[in-house]
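[1] could you work out the structure for the sequence below:
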Amino acid sequence: MSMKVLVVDDYATMRRIIRNLLTQIGFTDVDEAADGASALSKLREAKFGLVISDWNMEPMTGLQLLKEVRADKVLKDTPFIMVTAESKTENVVAAKQAGVNNYIVKPFNAETLKSKIQSVIGE
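    Predicted structure coming up:
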């Protein structure tokens, strides 16, 4: 799978875990961003097939990043999966309203990640 994936999380350890899981399921073209602002500039520089972003980040949350992506006419159709530590209903609703494609609750394994990605990109 040659799709380029952007992993956004302010914890380097979490980015590494997600990158490793992606590699296990066949995604080798993975880039990382430590915050929403750098994620946006990377998205504007190169074509990504998928964004996997943490919800809880400073100063720009994953939800704000999602809204920025959806408001950008070039990026608006980019598949976006939100990663969160809690599955609070209001979070799910907010993310859905903002146009998230799928949603994954920590902790998760390669299998879960794979099925979420497949449901989003239809591979």
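
[2] is it true that Ser53 touches Pro79?
    No - in this structure, Ser53 is not within contact of Pro79 by CB atoms under 8 Å, at 11.3 Å. Glycine gets a C-beta too; all of them are placed from N, C-alpha and C.

[3] these two: which is more packed in?
    Ser53 (26 against 18; other CB atoms under 10 Å).

[4] and the residue sitting nearest the centre point of the chain, how far from Lys73?
    The centre of the chain sits closest to Ile52, judged by CA atoms, centre = their mean, with a distance of 1.4 Å. Distance of Ile52 to Lys73, given as CB to CB, to the nearest Å: 22 Å.

[5] hmm, back to that, and the contacts of the stretch of helix or strand the residue nearest to the centre of the chain belongs to?
    Using DSSP states H and E, Ile52 sits within strand 50-54. Here strand 50-54 makes contact (CB atoms under 8 Å, 6 or more residues apart in numbering) with 3-11, 14, 18, 22, 36, 39, 43, 62, 65-66, 69, 78-84, 104, 117, 120-121.

[6] what is the helix or strand bottoming out on mean pLDDT in the chain packed up against?
    Across the helices and strands of the chain, the lowest-confidence element by mean pLDDT, DSSP states H and E is helix 89-98, at a mean of 91. Secondary-structure packing of helix 89-98 (3 or more CB pairs under 8 Å, 6 or more residues apart in numbering; DSSP states H and E): helix 62-71.

[7] restricting to C-alpha, output the helix it packs on in CSV.
    Provided in CSV are the C-alpha atoms of helix 62-71 (Å, rounded to 0.1, in the frame of the first residue of the first chain):
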residue,chain,number,x,y,z
GLY,A,62,-7.3,17.1,17.0
LEU,A,63,-10.9,18.4,16.6
GLN,A,64,-9.6,21.8,15.6
LEU,A,65,-7.2,20.2,13.2
LEU,A,66,-10.1,18.2,11.7
LYS,A,67,-12.1,21.4,11.3
GLU,A,68,-9.2,23.2,9.6
VAL,A,69,-8.7,20.3,7.1
ARG,A,70,-12.5,20.1,6.3
ALA,A,71,-12.5,23.9,5.8
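
[8] helix or strand right after the least confident helix or strand of the chain?
    Counting by DSSP H and E, the element after helix 89-98 in chain order, helix or strand, is strand 102-105.
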